[in-house]
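Chemist: Structure for the following, please:
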Amino acid sequence: MFEKRIDEELSLRLLEKHHANALFQLVDVNRERLQRWFPWVETTREPADSEKFIQGALQGFIDGTSLNCGIWYRKKLAGVVGPHSIREMNNNAEIGYWLGQEAEGNGVITRSCTAIIDYLVEERGINRIEARCVLANDRSRLVMERLGMQREGLLRQWLKHDHGYEDVYIYAVLAGEWRERRGRG
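Modeler: Down below sits the predicted model:
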């Protein structure tokens, strides 16, 4: 299984079935905040829904098409990060992330995404890493910019919510840019 210790207070671990209840509780406590950005929150109504997500994530890990990791911050599950789509044919991946409010403001997402991008570039040989965010999600947009991602465009009405469609920005960083930024170029 995948595990990456980032520092003394932060680590990433592949989500497993026994994490389903803790994951559901984290979503539930942060439901109001998360549902603004993520349509899947509406269908996460009980721990079994989180278990189903984890089962899919584990299958994606086995298949090599995704790597959804739990973020453990100060020994507590604090969020999820990882590539939810790895496309080896074109050597690219799309990462996503979310964090419970309790852990916000400590650089947790930026450090977690940095570790994931390092893994994708250095261990998986991925050339292009993408991320998307709803236009109004300034915090997420700033994370992408801190990671050195370039805004490449706007996808009109790309995300469907119960309240309608939302435009999203698409950001990306290339492996060469990432290595240069990390002093490995």
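Chemist: Going by residue numbers, what spans are strands in the chain?
Modeler: 3-7, 10-14, 69-73, 76-87, 92-99, 128-134, 150-161, 164-174 (DSSP state E).
Chemist: Could you name the helices and strands sitting against the second one?
Modeler: Using 3 or more C-beta pairs under 8 Å, 6 or more residues apart in numbering; DSSP states H and E, the elements in contact with strand 10-14 are strand 3-7, helix 47-63, strand 69-73, helix 108-118. Any C-beta I mention is one placed from the backbone N, CA and C, and that applies to glycine too.
Chemist: any idea which of the ones you listed is most buried?
Modeler: strand 69-73 (a mean of 24; mean count of other C-beta atoms under 10 Å).
Chemist: partners of that strand, with directions?
Modeler: strand 10-14 (antiparallel), strand 76-87 (antiparallel) (DSSP bridges).
Chemist: Any idea which of the helices and strands packed on strand 10-14 gets closest to residue 129?
Modeler: helix 108-118 (5.5 Å; C-beta to C-beta).
Chemist: Mind listing residues that contact that closest one?
Modeler: Applying C-beta atoms under 8 Å, 6 or more residues apart in numbering, the contact partners of helix 108-118 are 4, 6-7, 10, 12, 67, 69, 71, 73, 78-79, 81-83, 95, 97, 99, 129, 131, 143, 146-147, 173, 178, 182.
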